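J.: Just to be clear, the model below is a prediction. Sequence and coordinates:
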Amino acid sequence: MSFEHEKREAMRILKGIENATSTPLQSWTLIEDADPTLVYFIITWLRDRYSHDRAAEGVLGRVIELVNYRAEVGKIMKEGQEDSIVDWFEDAYQYRDFNAEDFIDLIVEKLEG
């Protein structure tokens, strides 16, 4: 798959949860086909980004709803967290330093590169 396709799919997952435009089933359908490390990054970015935001209740509530909908999401995240790219990113950057588009661009390029 091309970088652009991967980026589009990653943004669909992120924006679907962030903006409540995807149901848990729709998000799960995308997540089950995604790279576990990418899933870890998306969910972690959402959690970090909204941890001190007035919109946090809705966004974080949708993350919890997704994990409750499919317990496999938690397992996928644990698998993704073990990737060395996570250590690289977390040592060099802060999640909240990136807007969604720049974050997805960096992560997909690193994962696919």
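T.: Good, I have the coordinates. Numbers count the residues shown, from 1 in each chain.

J.: Listing request: residues of the protein with sub-threshold pLDDT.
T.: 1, 55 (pLDDT under 70).

J.: Strands of that one, residue ranges please.
T.: Assigned by DSSP state E, the strands in the chain number zero.

J.: center of it, which residue is that?
T.: residue 42 (1.2 Å; C-alpha atoms, centre = their mean).

J.: What distance do you get for the residue nearest to that residue when sequence neighbours are not counted to residue 84?
T.: Spatially, and ignoring its direct neighbours in sequence, residue 42 is nearest to residue 14 (5.0 Å; C-beta to C-beta, 6 or more residues apart in numbering). In short, each C-beta sits where N, CA and C put it, glycine included. For residue 14, the distance to residue 84 equals 22 Å [C-beta to C-beta, to the nearest Å].

J.: which of these two has more neighbours?
T.: residue 14 (24 against 8; other C-beta atoms under 10 Å).

J.: show me the contacts for the closest residue to residue 62 other than its chain neighbours.
T.: The shortest distance from residue 62 to any non-neighbouring residue, by C-beta to C-beta, 6+ apart, is to residue 17 (5.1 Å). Counting by C-beta atoms under 8 Å, 6 or more residues apart in numbering, residue 17 touches 27, 42, 46, 59, 62, 63, 66.
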